[in-house]
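Chemist: using only what follows, build the 3D model:
(2 chains)
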There are 2 protein chains.
Amino acid sequence: MKLHTTSSSPNGRRVAIFLAEKGVEIPLVEVDLRGGENLGESFRARNPFGRVPVLELDDGTCIAESVAISRYIECLYPRPALFGTTAHSQATIEMWNRRAELNLMMPVAHAFRNLTGIFKDREAVVPEWGRVSEEVAAATLPLFDAQLAKTEYLAGAHFSVADITLAITIDFARATKRNLPFDLPNVSRWFDSVSSRPSFAR
Amino acid sequence: MKLHTTSSSPNGRRVAIFLAEKGVEIPLVEVDLRGGENLGESFRARNPFGRVPVLELDDGTCIAESVAISRYIECLYPRPALFGTTAHSQATIEMWNRRAELNLMMPVAHAFRNLTGIFKDREAVVPEWGRVSEEVAAATLPLFDAQLAKTEYLAGAHFSVADITLAITIDFARATKRNLPFDLPNVSRWFDSVSSRPSFAR
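Modeler: Numbers count the residues shown, from 1 in each chain, chains lettered A, B, ... in the order given. Predicted coordinates:
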């Protein structure tokens, strides 16, 4: 296997942290996202959708989408389980991973791309949508704080893939100076704990 | 169990079709999405994020997010497998389900909501983002057509949850008259086949 990735991108980091939590090492091929290498013919042969990361298997099969890659790794290396084991834990983790992705990571990404215009050479940019997205993200973070008032980790008593998604999103939002209420007490307590795991040093 | 849902919404339909494919019947509680019932206190006690559908278990646990609900049902009723069984099929189905959701369903939904302003009583509307999203969706559909030139179903030789997601998205985009190239040959062949399944009559 080898992993085509942009290590510094949020999705590249998600998979890198997932692999580190599993104790799995896979050779990396760095993709120059800023330079648009992901949109070139060679990369699109592996992923026509032009997104990183992509896991290339030894038989040539290419698995794109961070969560699909993580799930493949979970199948090969089931312990520690990061997607849950029972019906209840699998569904709860899927729910929280999706809430973190769809209701926070997405608006944060839309805010970043539409307010900075970082990819304006390759996509239409709508600053007003960036502002709306930033407000949506800011209004949504307290819902995660309310959950983290009740549970140690996002999906319950155990660390899971949902924690990786939320932590990466908050880290990215902080680094790009998005206007979010980062000082919420439970989110702060949880973020300090999760981001100090050895896997996050990657 | 009972399912709080808006049967006519795209996500309500996804879960209804999934249940029908499994041959599972669950009592339904209809939620008035247009009237904003999903944003009221009673619904938010079940899902603070205010989204339908929500599966309420007998112990009171509430599972939100269509894919999390579907995965819970898959754990309880493993056959026919709609999320795959091997590492390879699970990852491939996850990848295509996510591509259908993130790269097509999302821009179609953004186009619909921002161009029609259907929820302008409760969310900021940016028509320019609606136009950009519709262009993104139109440019993405051919990538699904290219895949369906090679495989019978979206993620390979077998019907899966990824087919439900893509078919619901195309059906919704058609019904709301989005400007997408619906007549692509492989997408058309596949859509006719999938949408004629008994589960889609729901």
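
Chemist: per-domain residue ranges of chain A.
Modeler: Split into domains by automatic domain parsing, chain A comes to A:2-76, A:87-201.

Chemist: for chain A, what spans make up the strands?
Modeler: A:2-5, A:28-30, A:54-56, A:62-64 (DSSP state E).

Chemist: which one of the ones you listed lies closest to A:Tyr72?
Modeler: Between A:Tyr72 and those, the shortest gap by CB to CB is with strand A:62-64, which sits at 5.6 Å. Every residue, glycine included, has its C-beta placed from N, CA and C.

Chemist: starting from that closest one, tell me which strands it pairs with and how they run.
Modeler: strand A:54-56 (antiparallel) (DSSP bridges).

Chemist: so what touches the partner strand?
Modeler: Residues outside strand A:54-56 that contact it (CB atoms under 8 Å, 6 or more residues apart in numbering or on different chains): A:1-5, A:26, A:43, A:46-47, A:62-64, A:69, A:72.

Chemist: let me see the mean pLDDT of it.
Modeler: Regarding strand A:54-56, the rounded mean pLDDT is 98.

Chemist: buried residues in that strand?
Modeler: Going by neighbour count (16 or more other CB atoms under 10 Å in any protein chain shown), the buried part of strand A:54-56 is A:Val54, A:Leu55, A:Glu56.

Chemist: how far away is the second one from B:Arg51?
Modeler: Distance of A:Leu55 to B:Arg51, given as CB to CB, to the nearest Å: 30 Å.

Chemist: also the first one?
Modeler: Noted for A:Val54: a distance of 30 Å to B:Arg51, by CB to CB.

Chemist: and of the buried residues of strand A:54-56, the nearest to chain B?
Modeler: Nearest to chain B out of the buried residues of strand A:54-56 is A:Leu55 (CB to the nearest CB; 8.0 Å).

Chemist: distance of that closest one from A:Ser66?
Modeler: Counting by CB to CB, the gap from A:Leu55 to A:Ser66 is 10 Å.

Chemist: same check, this time on A:Ile93
Modeler: Taking CB to CB, one finds A:Ile93 at 15 Å from A:Ser66.

Chemist: just A:Met95 next, same as before
Modeler: Taking CB to CB, one finds A:Met95 at 17 Å from A:Ser66.

Chemist: hmm, A:Ala173 and A:Leu180 touching each other?
Modeler: Yes: using CB atoms under 8 Å, A:Leu180 is in contact with A:Ala173, at 5.3 Å.

Chemist: who touches both of these two?
Modeler: A:Val108, A:Ala137.

Chemist: ranges for the helices of chain A?
Modeler: A:10-22, A:41-46, A:66-76, A:87-100, A:106-116, A:127-148, A:161-175, A:185-195 (DSSP state H).
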